[in-house]
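Novice: Structure for this input, please:
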Amino acid sequence: MKKLSIGRLSELFSRPLPVVLIFAQFIVLVLFASAYHARNGDSGCLYCHADKARMAAAGYPQYYMTAQQVEKETKMPGAGCTDCHLGDGASHDRKEAHKGMLKALVIDNNAHIIPRKGTGLRSLIPTGSNRMYALFPKTPDGQPDADVFTVLWHDRDKKTLGFDPKIAEETCGRRGCHPLEVKQFRGTIMGGNVRQRSTHHWTDIHGPNNCGPSFADMPPGAGAGYSRANYNLVKAETSCPASFENATDRQRFCNVCHAGCTDCHYYPTAKGGVHNFTKHVPAVNCTGGGRGTGMCHSGSQERRRGDSYLGAEFSQPPDFPPDAHVKSGMQCIDCHENGGKGMGDISRKVDCGGCHYTAWKANLEGPHKNLSCQACHISRLGGYQMTVWGKGIIAGKESPFMKYSLYYGVFSPPLLIKDVTGVYTPYKVWPNIATNFRGNAPPSGLRWRWPGGETQDAYAIIGVYSSLPAANKALAWMQFEAVGHGIGKARPCGSCHASTTQRATASWEYLEYAGSLPFTGAQEITGDKNGLRISGIREMSKPRPLGDVNPWDYAAWMYLKNIWSLPGDFSIPRPDREKYRKYLDNLRNGEKGLKAAETRLSRLDRKSTAYYELAAKIKRFKERIYHNPGY
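Specialist: Numbers count the residues shown, from 1 in each chain. This is a model prediction of the structure:
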């Protein structure tokens, strides 16, 4: 191959045609680059937002932000304003620059977007001592704004309020950022909202659910939008007028609960800044990120189970202690890791043996090998204790899809029931009713929502009843929610083995402020070899009428008190008396030895090798003696 010498190169440039072609190509490249940066640059954003005096004069000093500050807070070198917020970053005109721009959405109690200005949400830095409402708009006296339902981040569809994968692809998933992660997330249960979207109507194969069916949502895995397919199925089971608008009004409330990229990874703090992002998602973000009780695991899912991880203000009632793992600084994703599908494929099942191997192994080789860890270590649950679907006002209009679920209270102790895999697991069981029901649904017995074991949740249709004064028929079912938090000190042996009959109580206070002012009530739950029964449903204080909602809309259980019976064996297996006596003797003797060892430990130098060696032995012995005294 011949090489091009310097002389040949000079000859080439001495000819007019090559010079013109090269110069033309250079001009095209310059024009293209100029056009690209004019469209995608942030000079217009920084012209205002990086000028402290200009932002102060405009009345928004909290929006002062430099490019260097954004890079530092996001931990994303090279990331610009329009990469995340879109809009026209080159324009110096406020209206033009903000056209199509993404921003935080303030949602009112009708699930409508309202202007942020005037709500008290001046900055996205957390405020106040209540972590549940740290990012909530506040009134002048520092209280959460009662006219606001929640705050959503900018990857939501403004019409449906659901996570919008298209927005995620344009921002988080743009080329050079996180396209693979966004693609993975769309294919997961969480990203595709698969569980909720798979419940098409009340008597769907997955059963009636406390959250209701997917009233007007898209199919699982689809993008944002509304669909009439589910609405037509729900309407066919509804005995009163139910418009598509009624369905979409309800659907917007459902949609706010389901997460997108920023719900997990956007984490504004006073230290990290308003643009702070994190890879290691904190438990606070899993529970709504300080945006109230309407979303993520501070919303319906946590209230259904009542098994708050963080406890305190994140629980309902707000007096539950945090899970034992919170004290160790563990976040949700430390146990609930990503699965094989990648980003967002969060595992429900956790491996306790990974950290507590000695206890796990001792339990596996003992008489409780078919008992889950949480069966002993959860003793109290909160959240919903009753739910009624009936007529009410949604988004300012009468609707048959009102959910009266704020029967908040305490359920204790959890019932131990064999799950799909045959392992005894703790459950919260409570009555649910959907009024204005059309059709028939015979008693179903206990059925798993996902028989393949994808979840351990179940339901039991009790039947359809016509005993209400109005509201046509009522579909009644028991809700069975498997629980996994809050882990704490184990229940005493006698709480299970004193009798083969399981007994739980649920006490509650109605706090919906629809139909009635707050009133209290209770019920008993019994499981034995003859079945499971919810009995004694009663008011402890009388309802006080409020507005024009009828009792059968918000409290249909008043007319269906004696129906709650499910056949089957829900008893605790009776232990062999002799083996049980030896088990308790071994436990008591082990506790004496443990106490003696702890006394020796207290006399050792905490910095010595002997101290650490004995402390490790005590830890292993404690795990063995409490999980299998005969180990």
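
Novice: Tell me where the model's unsure across the stretch 351-500 of the chain.
Specialist: Across the stretch 351-500 of the chain, nothing is flagged by pLDDT under 70.

Novice: Over to the stretch 201-350 of the chain?
Specialist: Ranges of the stretch 201-350 of the chain meeting pLDDT under 70: none found.

Novice: Break down it into its helices, ranges please.
Specialist: 228-236, 244-255, 261-265, 283-286, 300-305, 332-335 (DSSP state H, counting those that start in this stretch).

Novice: So for residue 179, which of those sits nearest?
Specialist: helix 261-265 (11.9 Å; Cβ to Cβ). Backbone N, C-alpha and C define where each C-beta goes, glycine included.

Novice: From the chain's centroid, how far away is the helix or strand hosting residue 533?
Specialist: Using DSSP states H and E, residue 533 maps to strand 531-539. Put simply, strand 531-539 sits 29 Å off its chain's centre (Cα atoms, centre = their mean, to the nearest Å).

Novice: averaged over its residues, what pLDDT does the helix or strand that that strand is followed by have?
Specialist: Per DSSP H and E, the first helix or strand lying C-terminal to strand 531-539 is strand 544-546. Averaged across strand 544-546, the pLDDT comes to 92.

Novice: Give me the buried positions along strand 544-546.
Specialist: Residues of strand 544-546 classed as buried by neighbour count (16 or more other Cβ atoms under 10 Å): none.

Novice: and if you look at stretch 542-551?
Specialist: For stretch 542-551, burial by neighbour count (16+ other Cβ under 10 Å) applies to 543, 549, 550, 551.

Novice: just stretch 579-587 next, same as before
Specialist: residue 583.

Novice: cool, and stretch 315-325?
Specialist: 315, 316, 320, 322, 323, 325.

Novice: ok so, going back, Throw the helices of the stretch 201-350 of the chain into CSV and include mean neighbour count, thanks.
Specialist: Converted to CSV, the helices of the stretch 201-350 of the chain look like this (neighbours: other Cβ atoms under 10 Å):
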stretch, mean neighbour count
helix 228-236, 18
helix 244-255, 22
helix 261-265, 23
helix 283-286, 22
helix 300-305, 22
helix 332-335, 18
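
Novice: Using CSV, lay out the ones you listed together with distance to residue 222.
Specialist: Shown next, in CSV, are the helices of the stretch 201-350 of the chain (distance: least, Cβ to Cβ, whole Å):
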stretch, distance to residue 222
helix 228-236, 11
helix 244-255, 13
helix 261-265, 17
helix 283-286, 24
helix 300-305, 21
helix 332-335, 26
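
Novice: Show me the one of those helices that comes nearest residue 160.
Specialist: helix 244-255 (5.5 Å).

Novice: Output the contacting helices and strands for that closest one.
Specialist: Judged by 3 or more Cβ pairs under 8 Å, 6 or more residues apart in numbering; DSSP states H and E, helix 244-255 is in contact with helix 228-236, strand 387-394, strand 397-404.

Novice: do that again at 10 Å, thanks
Specialist: strand 148-152, helix 194-197, helix 228-236, strand 387-394, strand 397-404 (3 or more Cβ pairs under 10 Å, 6 or more residues apart in numbering; DSSP states H and E).

Novice: show me the contacts for residue 597.
Specialist: The neighbours of residue 597, taking Cβ atoms under 10 Å, 6 or more residues apart in numbering as the test, are 614, 615, 617, 618, 621, 622.

Novice: hmm, try it at 6 Å
Specialist: The contact partners of residue 597, by Cβ atoms under 6 Å, 6 or more residues apart in numbering, come to residue 618.

Novice: my guess is it is in a strand, correct?
Specialist: No - assigned with DSSP: H, G, I helix; E, B strand; the rest coil, residue 597 falls outside any strand and is helix.

Novice: Look up how far residue 589 lies from it.
Specialist: In this view, residue 597 and residue 589 are 13 Å apart by Cβ to Cβ, to the nearest Å.

Novice: swap in residue 69?
Specialist: Counting by Cβ to Cβ - residue 69 and residue 589 are separated by 63 Å.

Novice: now do residue 468
Specialist: Taken as Cβ to Cβ, the span from residue 468 to residue 589 is 59 Å.

Novice: Looking at the two, which has the bigger crowd around it?
Specialist: residue 468 (21 against 12; other Cβ atoms under 10 Å).

Novice: What is the nearest of the buried residues of stretch 315-325 to residue 533?
Specialist: Distances from residue 533 to the buried residues of stretch 315-325, taken by Cβ to Cβ, are shortest for residue 316, at 25.6 Å.

Novice: That's all I had, so thanks and see you.
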